[in-house]
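**Q** Test case, fold it:
(chains A, B, C and D, ligands or ions: 2)
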Amino acid sequence: MSITIATEKQNNILMVKLAGELDHHTARKTRSVIEDELKLMKNAKLILNLAELNFMDSSGLGVILGRYRALKEAGGELMLCGLSPAIKKLLQLSGLLKIMTTYENEQEALKAYEVTL
Amino acid sequence: MSITIATEKQNNILMVKLAGELDHHTARKTRSVIEDELKLMKNAKLILNLAELNFMDSSGLGVILGRYRALKEAGGELMLCGLSPAIKKLLQLSGLLKIMTTYENEQEALKAYEVTL
Amino acid sequence: MSNFMELKINSCSENEAFARVTVAAFLARIDPTLTELSDVKTIVSEAVTNAIIHGYQECSSGVIELYAGLKERSVTIRIRDYGLGIENIDQAREPLYTSKPELERSGMGFTIMENFTDQLTIDSKPLQGTTITMVKNFEPQCVGATS
Amino acid sequence: MSNFMELKINSCSENEAFARVTVAAFLARIDPTLTELSDVKTIVSEAVTNAIIHGYQECSSGVIELYAGLKERSVTIRIRDYGLGIENIDQAREPLYTSKPELERSGMGFTIMENFTDQLTIDSKPLQGTTITMVKNFEPQCVGATS
Ligand SMILES: Nc1ncnc2c1ncn2[C@@H]1O[C@H](COP(=O)(O)OP(=O)(O)O)[C@@H](O)[C@H]1O
Ligand SMILES: Nc1ncnc2c1ncn2[C@@H]1O[C@H](COP(=O)(O)OP(=O)(O)O)[C@@H](O)[C@H]1O
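**A** Numbering: from 1, shown residues only, chains lettered A, B, ... in the order given. Ligands and ions are numbered 1, 2, ... in the order given. Just a heads-up that it's a prediction; the model follows:
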């Protein structure tokens, strides 16, 4: 009924792994943990790992879209990975899947990012 | 929300393993499966393995007590094994723990029975 | 914190599991121990089963109302039926007493409800129905526990 | 088979998870697929969240009513609040429309409810409240499936 947020920093990369349920009730905490981490970073690349989320609704879409916009504005970038079929369906329905960069898992996301360096 | 009943026969020993939830809703099925198996047996030893029951209430006590009485009347015997702390608490509260033979697991129950042969 | 839930269901036996799971889910917000959760599931199951078997004689069209109210770490659970009612409440509360031995009832329902809660009240009128009210206090949460 | 449940809760955000778990538990008796269950949890979460955020402006003392009725393998879910109501329902239904962009709402709630159900009806009157009614039909069960 709750969310667990694990963060890890490597230079300008912030990896955030969400586990549990991302809804309106847990959105505020999720948003503020991520924003706090991003505050001191420049041109941040945020890798959001959703593999262990067992529930997400449109409040979660709002959190993702919010981070996407904030990062874009600040010269950063958002990457998503670990999308379950249910979450993929929501991203598709909302059109977010088309504008976001998505990867199978964290390793793939990191690899893709390193290639572009 | 349901129950699974696995039975195994060895001579006059009937091993019944219950998995899931034993309440009033699932009691009827449990009772009738066990009674059907016992019907053709003589001096039956019933080993009831409760290790995989994740819920039981007083309707379950009724099923256990019912088998205990029927077997006793027919010259048979009931042995219980795999009692979780929660189920043990119920058996204790009702006084059943005092009158029933209980074992850690099926092996222990079988061993104890073979010794008495 | 003060939250409540009111649930109205019909008296079919599938609702025994549904009722106990619902109350357990409602209480998740105070993060009970596994033993506390198991106790609550059991008492809800006992009271709802009694409403179905004794109150409504296993006819599935009766209405059962379930209320749970949280005040800090104390929950009040009320389960009501509009069925047959209880003639002799003192006798009904006795361990091992059952009016339906032919159904292999154990007669332990009220004893379990009494033992697993801090307070049990039985209100019943023949032919009008029965209301069971139980109060259970939960252990204070460890300092530093996450929500 | 015809069963129902009625749930009344207050508008605190913990009840978003509670409401969806409750409806999922209620539907366990028809043994839905994991996808069907996930869809139902999502639509219940959307409607209850809207009642809390939009109906009651995140004040936790509002009342939310949730009804689910099963007819064979079709469920009707009704979620009602007595809050602010919706001025322009057509606009509210538009994908990506939200009246609260400052809260990072995605405006996808109604689109999801519409997509995940077979029927969606919105009844709302400003200052009186909103009732969302959804019908979802479940796949017939495989022959030989156990109950
Ligand atoms: N909701 C109810 N409506 C009518 N009678 C009830 C109700 N609950 C309990 N009783 C009466 O109280 C008796 C004792 O209940 P209980 O201790 O739960 O044992 P059991 O359910 O095994 O009979 C029942 O046998 C029944 O006669
Ligand atoms: N229960 C409600 N009470 C009042 N207004 C509502 C309610 N549900 C929805 N609305 C209105 O409809 C709009 C669209 O809802 P929705 O598609 O769920 O998107 P979101 O919740 O992200 O804003 C909301 O922004 C709000 O203005």
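**Q** going forward, measure contacts and count neighbours with C-alpha atoms only.
**A** Fine.
**Q** Walk me through the regions of chain A where pLDDT falls short of the threshold, as ranges.
**A** Chain A contains residues with pLDDT under 70 at A:1, A:116-117.
**Q** for chain A, longest strand please?
**A** In chain A, taking DSSP state E as the definition, the longest strand is strand A:45-56.
**Q** How about the residue nearest the centre of chain C, nearest residue that isn't a chain neighbour?
**A** Nearest residue to the geometric centre of chain C (C-alpha atoms, centre = their mean): C:V44, 3.0 Å. Nearest non-adjacent residue to C:V44, counting by C-alpha to C-alpha, 6 or more residues apart in numbering or on different chains: C:R20, 5.5 Å away.
**Q** Just the element for the one you found, please.
**A** helix C:14-27 (DSSP states H and E).
**Q** what about that helix, near ligand 1?
**A** No. Contact of helix C:14-27 with ligand 1 (C-alpha under 6 Å from any ligand atom) is absent, the minimum separation being 13.1 Å.
**Q** From the contact counts, what lies against that helix?
**A** Judged by 3 or more C-alpha pairs under 8 Å, 6 or more residues apart in numbering or on different chains; DSSP states H and E, the packing partners of helix C:14-27 are helix B:24-38, helix C:34-50, helix D:14-27.
**Q** Can I get the last one in CSV, CA atoms only?
**A** Taking Å, rounded to 0.1, in the frame of the first residue of the first chain, the C-alpha atoms of helix D:14-27 are listed here in CSV:
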residue,chain,number,x,y,z
GLU,D,14,-5.0,6.2,2.0
ASN,D,15,-8.4,5.1,0.8
GLU,D,16,-7.3,5.2,-2.8
ALA,D,17,-5.4,2.0,-2.3
PHE,D,18,-8.0,0.6,0.1
ALA,D,19,-10.8,1.1,-2.4
ARG,D,20,-9.0,-0.6,-5.3
VAL,D,21,-8.0,-3.5,-3.1
THR,D,22,-11.5,-3.9,-1.8
VAL,D,23,-13.1,-4.0,-5.3
ALA,D,24,-10.4,-6.5,-6.4
ALA,D,25,-11.1,-8.7,-3.4
PHE,D,26,-14.8,-8.5,-4.2
LEU,D,27,-14.2,-9.7,-7.7
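**Q** Helix, strand or coil: sort out the residue of chain C found nearest chain B for me.
**A** Of all residues in chain C, C:S106 sits closest to chain B, at 4.5 Å by C-alpha to the nearest C-alpha. Under DSSP: H, G, I helix; E, B strand; the rest coil, the three-state class of C:S106 is coil.
**Q** ok, it to D:I43 distance?
**A** 42 Å (C-alpha to C-alpha, to the nearest Å).
**Q** Please apply the same query to A:Y113.
**A** 36 Å.
**Q** Between these two, which is the more surrounded one?
**A** Neighbours per residue, other C-alpha atoms under 10 Å in any protein chain shown: of A:Y113 and D:I43, the larger number sits with D:I43, 25 against 13.
**Q** hang on, that one packs against D:I112?
**A** Yes. Contact between D:I43 and D:I112 holds when scored by C-alpha atoms under 8 Å: they sit 6.9 Å apart.
**Q** Dig out what the residue nearest the centre of chain A forms beta bridges with.
**A** Centroid-nearest residue in chain A, with C-alpha atoms, centre = their mean: A:L48, separated by 2.8 Å. A:L48 has these beta-bridge partners by DSSP bridges: A:V16, A:L80.
**Q** now it: how far from A:L80?
**A** Distance from A:L48 to A:L80, by C-alpha to C-alpha: 5 Å.
**Q** what does C:T35 give?
**A** The spacing between C:T35 and A:L80, counted by C-alpha to C-alpha, is 39 Å.
**Q** can you check C:D118 too?
**A** Noted for C:D118: a distance of 49 Å to A:L80, by C-alpha to C-alpha.
**Q** again with A:V63
**A** Going from A:V63 to A:L80 by C-alpha to C-alpha gives 12 Å.
**Q** Same check on C:N115?
**A** Relative to A:L80, and taking C-alpha to C-alpha, C:N115 is found at 51 Å.
**Q** Just give me the neighbour total for residue 73.
**A** Since no chain was named, I'll use chain A. That count, for A:E73 with other C-alpha under 10 Å as the rule, works out to 11.
**Q** actually it's chain C I care about, not the one you picked
**A** If we define neighbours as other C-alpha under 10 Å, then C:R73 has 17 of them.
**Q** List phi and psi for it.
**A** Backbone geometry at C:R73, expressed as degrees, to the nearest 10, gives phi -110, psi 30.
**Q** Could you pull up the contacting residues of the nearest residue to it once chain neighbours are set aside?
**A** Counting by C-alpha to C-alpha, 6+ apart, C:R73 lies nearest to C:F138, which is 5.3 Å off, once chain neighbours are set aside. C:F138 is in contact with C:32, C:36, C:73-75, counting by C-alpha atoms under 8 Å, 6 or more residues apart in numbering or on different chains.
**Q** So for C:F138, what's the pLDDT?
**A** As predicted, C:F138 sits at a pLDDT of 97.
**Q** How about C:Q141?
**A** Per-residue confidence (pLDDT) for C:Q141: 84.
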